[in-house]
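Engineer: let me see the structure of the following:
(chains A, B, C and D, ligands or ions: 4)
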Number of protein chains: 2
Amino acid sequence: MIRSESTEMYLKTILELGTGKEPVAISQVAERWGVTPVSANEMIKRLAEYGMIRHEPYKGVSLTETGLRQATNILRRHRLWERLLVDHLGVDWAESHDAACQLEHATAEAVTTALDAFLGHPTTCPHGNPIPDPGQPVNEAETRPLSTLEIGQQATIICIHPEETALLNYLAEHGIYPQRTVEVEEIAPLDGPLTVRVGEQRTVIGREAASRVHVAV
Amino acid sequence: MIRSESTEMYLKTILELGTGKEPVAISQVAERWGVTPVSANEMIKRLAEYGMIRHEPYKGVSLTETGLRQATNILRRHRLWERLLVDHLGVDWAESHDAACQLEHATAEAVTTALDAFLGHPTTCPHGNPIPDPGQPVNEAETRPLSTLEIGQQATIICIHPEETALLNYLAEHGIYPQRTVEVEEIAPLDGPLTVRVGEQRTVIGREAASRVHVAV
DNA sequence: CATGATTTTTAGCCATGCCTATAATTTTGT
DNA sequence: ACAAAATTATAGGCATGGCTAAAAATCATG
Ligand SMILES: [Mn+2]
Ligand SMILES: [Mn+2]
Ligand SMILES: [Mn+2]
Ligand SMILES: [Mn+2]
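Structural biologist: Ligands and ions are numbered 1, 2, ... in the order given. All right, here's what the predicted structure looks like:
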């Protein structure tokens, strides 16, 4: 089985979109990875042949044992790189995501191990997402999207998920980072934006962005 | 112009094989990069179209201004990564070369800059080769191959060039590292091996390997 | 249960980078 | 000067990973 950037990104995409139980629609994979549904279908066929994923027609795809292990390792490399980039090299918080997305496919096993040790076995990426242990699948934290909070509710920002550089840049501009405390002050109708208080500041962020910010009450 | 691993490695290979003046034979490029001469020829044609290299038929290829800049940047990334891997992450001295050869093609500009700053603007890789300044071509040090020393001559090991993991492993096993002092004790005939003293130890290394160890008397 | 929407498949095409086999060309050494 | 060696080019293939256009299959819903 080939281990190209392409196949790795398909696996990672399926892992990131999957809630764990229900299979992920191929159209969603296609959209997130930025290819046509036809192309995604072709690749899904190949990955299924290689035993990395299972395809239930008209339902979607899910990772096999092998596929899950592989995808988890990619995620692990990604998040370890982000930690190095942000904490030690001083790379921009939002920019680190894209940089890590390139590095994750070019990382030898020995480098991953050494990186993890150097960083002191970190448990989360700079965007709050858990760094899986080698071989182990991630166990998601107990969180809910910021967009589900009610007016007046306070919460702590846990993580941004799924990550995307445009989203991270947007959130950084609005002071939305993990660990910070937020309180919803206003919710505009018609899927409109949320007015939130973060620390001392008050900002307005879109509903879709807010649904990618996960908090713990 | 495409910036694939393939095109980048062709450029880096041409830079590493070139002494600066005379063009590099395509057959040499093919051999070092591990493809057939036909394949190398095809790629050389493309790279020439993109204005990265010049091809003098039956003579060889040389880098254009643009190509030299690009190749130098790749070399720069490679050697910066090696420094991080060896000095900070504790990756094996010999293994670092292959690991860096993967990373060098997946490194965003911002990462290179940050890496350089984090490392304190190092001037050489762990194998003694100079790290070029951004945009500037490398200026080779005043050295000669260990294989050209005469019996009794003492010298300081400066660098290993061109690098190759198998070679680095071999040299590491024999205690041949930059900065160490060597003295040639015996030279076997018929292109045979050299017996050298490195520090307190005496070892025998092949002539070809010795020709890749550059020293200053 | 029919019909429209979604999902999947098929067919045909393209670029990249490899390959082998073979032929043409140029250089070089005797 | 000529034959051997090296270099270059041509032809035909292959795998990967994309694409569009169009058809077929299934799902969902009124
Ligand atoms: Mn990636
Ligand atoms: Mn992250
Ligand atoms: Mn490389
Ligand atoms: Mn090196």
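Engineer: and the residue lying closest to residue A:195 once chain neighbours are set aside, what element?
Structural biologist: Nearest residue to residue A:195, sequence neighbours excluded (CB to CB, 6 or more residues apart in numbering or on different chains): residue A:186, at 3.8 Å. Quick note: C-beta positions are derived from backbone N, CA and C, even for glycine. According to DSSP states H and E, residue A:186 maps onto strand A:181-187.
Engineer: which other helices and strands contact that strand?
Structural biologist: strand A:154-160, strand A:194-198 (3 or more CB pairs under 8 Å, 6 or more residues apart in numbering or on different chains; DSSP states H and E).
Engineer: so can I have JSON lines of those showing mean neighbour count and mean pLDDT?
Structural biologist: Output for the helices and strands packed on strand A:181-187, formatted as JSON lines (neighbours: other CB atoms under 10 Å in any protein chain shown; pLDDT from 0 to 100):
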{"stretch": "strand A:154-160", "mean neighbour count": "19", "mean pLDDT": "96"}
{"stretch": "strand A:194-198", "mean neighbour count": "19", "mean pLDDT": "96"}
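Engineer: nearest to ligand 2, of the ones you listed?
Structural biologist: For these, the distance to ligand 2 is smallest for strand A:154-160, at 7.3 Å, taking CB to the ion.
Engineer: who touches that closest one?
Structural biologist: Identification of contacts with strand A:154-160 by CB atoms under 8 Å, 6 or more residues apart in numbering or on different chains yields A:124, A:127-130, A:141, A:143, A:146, A:149, A:167-168, A:171, A:176-183, A:212-217.
Engineer: equivalent analysis for stretch A:99-109, please.
Structural biologist: With contacts defined as CB under 8 Å, 6+ apart, stretch A:99-109 is touched by A:4-5, A:8-9, A:12, A:74, A:77-79, A:81-82, A:85, A:91, A:115, B:95, B:98-99, B:102-103, B:105-108, B:110-111.
Engineer: write a ChimeraX command that selects only the buried members of the residues you listed.
Structural biologist: In ChimeraX syntax, the buried subset of those is picked out as below (16 or more other CB atoms under 10 Å in any protein chain shown):
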select /A:8,9,12,74,77,78,79,81,82,85,91,115 /B:95,98,99,102,103,105,106,107,108,110,111
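Engineer: near DNA strand D, list only the ones from the contacts of stretch A:99-109.
Structural biologist: Here is what survives when the contacts of stretch A:99-109 are matched to DNA strand D using CB under 7 Å from any atom of the strand: residue A:4.
Engineer: residues from chain A in reach of chain B?
Structural biologist: A:85, A:88-92, A:95, A:98-99, A:102-103, A:105-108, A:110-111, A:114-115, A:117-118 (CB under 8 Å from any CB of the partner chain).
Engineer: so of these, which ones are in helices?
Structural biologist: In this view, those that belong to helices under DSSP state H are A:95, A:98, A:99, A:102, A:103, A:110, A:111, A:114, A:115, A:117, A:118.
Engineer: returning to what we had before: and the angle for the strand holding residue A:186 with strand A:194-198?
Structural biologist: Angle between the axes of strand A:181-187 and strand A:194-198 is 150 degrees (criterion: axes from the mean of the first three to the mean of the last three CA atoms, to 10 degrees).
Engineer: could you break chain A into its assigned domains?
Structural biologist: A:1-140, A:144-216 (automatic domain parsing).
Engineer: sorry, back to before: burial count for the residue nearest to residue A:195?
Structural biologist: The number of residues packed near residue A:186 is 12, by other CB atoms under 10 Å in any protein chain shown.
Engineer: hmm, back to that, okay, the helices and strands packed on strand A:181-187 in TSV with distance to residue B:52 next?
Structural biologist: Output for these, formatted as TSV (distance: least, CB to CB, whole Å):
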stretch	distance to residue B:52
strand A:154-160	39
strand A:194-198	48
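Engineer: a markdown table for those strands, including distance to ligand 2?
Structural biologist: Formatted as a markdown table, the helices and strands packed on strand A:181-187 follow (distance: least, CB to the ion, whole Å):
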| stretch | distance to ligand 2 |
| --- | --- |
| strand A:154-160 | 7 |
| strand A:194-198 | 19 |
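Engineer: nearest to residue B:31, out of those?
Structural biologist: Nearest to residue B:31, of all the helices and strands packed on strand A:181-187, is strand A:154-160, at 48.2 Å by CB to CB.
Engineer: using CSV, list the CA coordinates for that closest one.
Structural biologist: Output in CSV follows, covering the C-alpha atoms of strand A:154-160 (Å, rounded to 0.1, in the frame of the first residue of the first chain):
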residue,chain,number,x,y,z
GLN,A,154,-19.8,30.7,30.7
ALA,A,155,-17.4,28.1,29.5
THR,A,156,-13.7,27.4,28.9
ILE,A,157,-12.5,27.0,25.4
ILE,A,158,-11.0,23.5,25.0
CYS,A,159,-10.2,23.1,21.4
ILE,A,160,-10.7,24.2,17.7
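Engineer: many thanks, I have nothing further to ask.
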